[in-house]
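Chemist: This is a predicted model, with the sequence first.
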Amino acid sequence: MVANYKKVNRGVTLTFWERIYVMEVMRGIIITGRHFIRNWVSTIRSYVSGNPADRGIPTIYYPEEKPLLPEAYRGRPMLVRAVDGKEKCVACGLCEVACPPKCITIVGAMRPDGTRYPETYTLDGAVCIFCGLCEEACPEEAIVMSPNYEGLAEYDRGLMLYDKEALLVPEEKLQGRLDYIRRRMFNKCNY
Amino acid sequence: MFDYTYLPAPNLIPSIVEMMLKIVFIFSMNMGVFAPLLGWVERKQSALMQDRIGANRAEIFGFTVFGLLHTVTDAIKLLTKEDFIPRGADRPLHYLAPFIAVVPSLVAFAVIPFGGKYMLWGHEVNLVIADLNVGMLYVFAVASLATYGAVIAGWASNNSWSMLGSMRVGAQMLSYEVAMGLTLVGIFMVYGSLQLTTIGMAQENFFHWGIFLQPLGFILFIACALAENKRTPFDMPEAESELIAGYFTEYSGLKFAMFWMAEFLEMVTIAAVLVALFFGGWHIPFITHQGLIAAMGYLFGANFGAIAAMIIHVAVFWLKVVVWIMILMLIRWSLPRFRFDQVMKLGWKIVLPLALANIFITGLVLLAVR
């Protein structure tokens, strides 16, 4: 016998059927087999129907299939172009102040009718941390986070300086996100 | 006295043609269908079991064919890979080992019947390559030869991990050979023969299948067969988390592929033996052998009816084999690996006594029945 022999109680007590092991093996095989057959049938069903959602497996064939993102997803920030073709932004500079890494640079100007607009609006994609604070700070709902997560990486940081034209997106394309932030705003009133 | 029934019948030329066709059929089923396809089946099945998709990226002109092309890319990769032999390795033995591993799993199929006896134009076709009267004994003998492949591979590689792996193969195979032989003694007692065609014919009645007559023997045989196959839960010899790849650590290219193929072919052989001994061989439940031939003969005429019955029986046999291969894969992907002492304990302290008890009980029941 070993000198410092110590019996460790692992708190595991097996029943008779668990000790036999054959029944437990069968139970395990039934579980894995159930997964196998269910996924097999659903895979064949998705091949027949052509609908990837029928597959029942969480994996997405990425470049061919894109995930359906929720409205709450924070991708690249976008400026909203109003229905009349003008930018909603009034160059107040609140997003510039709210931005934690200071990636937004705005030069404001005045239109002949007296409304303000950003002459240049530069957002450095290499610095942006996708926090969404610019969106929360904006009083005009002029800058919102978009579900755009692709094509954000470049080999040159200069290419990641998005100017106004690169950021402007028509309002109807961002309608889902705009609805979402309005909903969120009203929820905040309930605090 | 030696029984010469497995020698060709006096009608020489049809017999030789029949023999060649049977050998070509079995060889092409094993090497052409199962050896390449089982890699794909294993990938896809394990993926589906774990809620994954599995291999699907290899494509020709945009067609992925459910990932089947991965077998082609595998073959190209293994063919073009460097055939590496480590310094200090025993070169002749290093070359020989994969062949010793792969040949037994191929030739073990010689005695397994994949169909019954059929009369075609006055010539009797017996769908088994060699109808040995010591059938299962031959399978045991050949299966234990495969051990030499693994042991020699580990010895010749000049690598500690390989050596450890091959030592484990030696110990494990030795333990389970003994138990495996004894588990099937019950079957031989029940059917009164070692000849696999005789055992196959005796299972014509659905309730005389081996699984109903020898349930304990069946469970014990599956445990032993999994251990012989060296796959999880008994993959001590190639435990990749402990021994890199075990006895074939130092193999690459086609020689590695041969070990891989040997594993899959062994699985096919095990499935075929299981079907032949426990699951009625080529028989369809509740339909007798002669009954199907008569029914087909009524539909297509005597000779073509026999051919139709033959095709149905062969298809049924391979269907059962495929189902059993899938069950073996389910077991392989469901269970964790045993510790080595657990493997030895299971072999010597549990399976062996239970096999002896099984023989004893079978003997008592046979005495009582007769």
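Modeler: Received, thanks.

Chemist: B:Met180 sits in which helix or strand?
Modeler: Following DSSP states H and E, the helix or strand that holds B:Met180 is helix B:160-183.

Chemist: tell me the average confidence for the very next helix or strand once past that helix?
Modeler: Using DSSP H and E, the helix or strand that directly follows helix B:160-183 along the chain is helix B:185-191. Average pLDDT, helix B:185-191: 88.

Chemist: From the chain's centroid, how far away is helix B:185-191?
Modeler: Centroid separation between helix B:185-191 and its chain, computed with C-alpha atoms, centre = their mean, to the nearest Å, is 20 Å.

Chemist: which residues are in contact with it?
Modeler: B:136, B:194, B:198-199, B:202, B:210, B:213-214, B:216-217, B:277-278, B:355, B:358-359, B:362-363, B:366 (C-beta atoms under 8 Å, 6 or more residues apart in numbering or on different chains). Bear in mind the C-beta positions are built from the backbone N, C-alpha and C, glycine included.

Chemist: before we move on, what about stretch B:344-361?
Modeler: Counting by C-beta under 8 Å, 6+ apart, B:171-172, B:175-176, B:178-179, B:182-183, B:185-186, B:189, B:214, B:216-217, B:220, B:223-224, B:227, B:338 sit against stretch B:344-361.

Chemist: Filter these down to the buried ones, PyMOL style.
Modeler: Applying 16 or more other C-beta atoms under 10 Å in any protein chain shown to the contacts of stretch B:344-361, the buried members can be selected in PyMOL as follows:
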select buried, chain B and resi 171+172+175+176+178+179+182+183+185+186+189+214+217+220+223+224+227+338
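
Chemist: what's stretch A:115-127 in contact with?
Modeler: Defining contact as C-beta under 8 Å, 6+ apart, one finds that stretch A:115-127 is touched by A:76-77, A:79, A:86-87, A:89-92, A:101-111, A:152, A:157, A:160-164, A:167.

Chemist: Quick one: mean pLDDT over the strand or helix carrying B:Gln342.
Modeler: Assessed by DSSP H and E, B:Gln342 sits inside helix B:340-345. For helix B:340-345, mean pLDDT rounds to 86.

Chemist: Check which residues of that helix are buried.
Modeler: Within helix B:340-345, the residues that count as buried by 16+ other C-beta under 10 Å are B:343-344.

Chemist: Show me what from chain B comes close to chain A.
Modeler: Within chain B, the positions near chain A by C-beta under 8 Å from any C-beta of the partner chain are B:45, B:48-53, B:56, B:219, B:327, B:330-331, B:333-335.

Chemist: if we go to 6 Å?
Modeler: Within chain B, the positions near chain A by C-beta under 6 Å from any C-beta of the partner chain are B:48-49, B:51, B:53, B:330, B:334.

Chemist: of the contacts of stretch A:115-127, buried ones?
Modeler: Neighbour-count burial (16+ other C-beta under 10 Å) applied to the contacts of stretch A:115-127 gives A:76-77, A:79, A:87, A:89-92, A:103-104, A:106, A:160-162, A:164, A:167.

Chemist: Paired strands for the longest strand belonging to chain A, with orientation please.
Modeler: Counting residues, the longest strand found in chain A (DSSP state E) is strand A:116-124. Here strand A:116-124 has these sheet partners by DSSP bridges: strand A:104-110 (antiparallel), strand A:161-162 (antiparallel).
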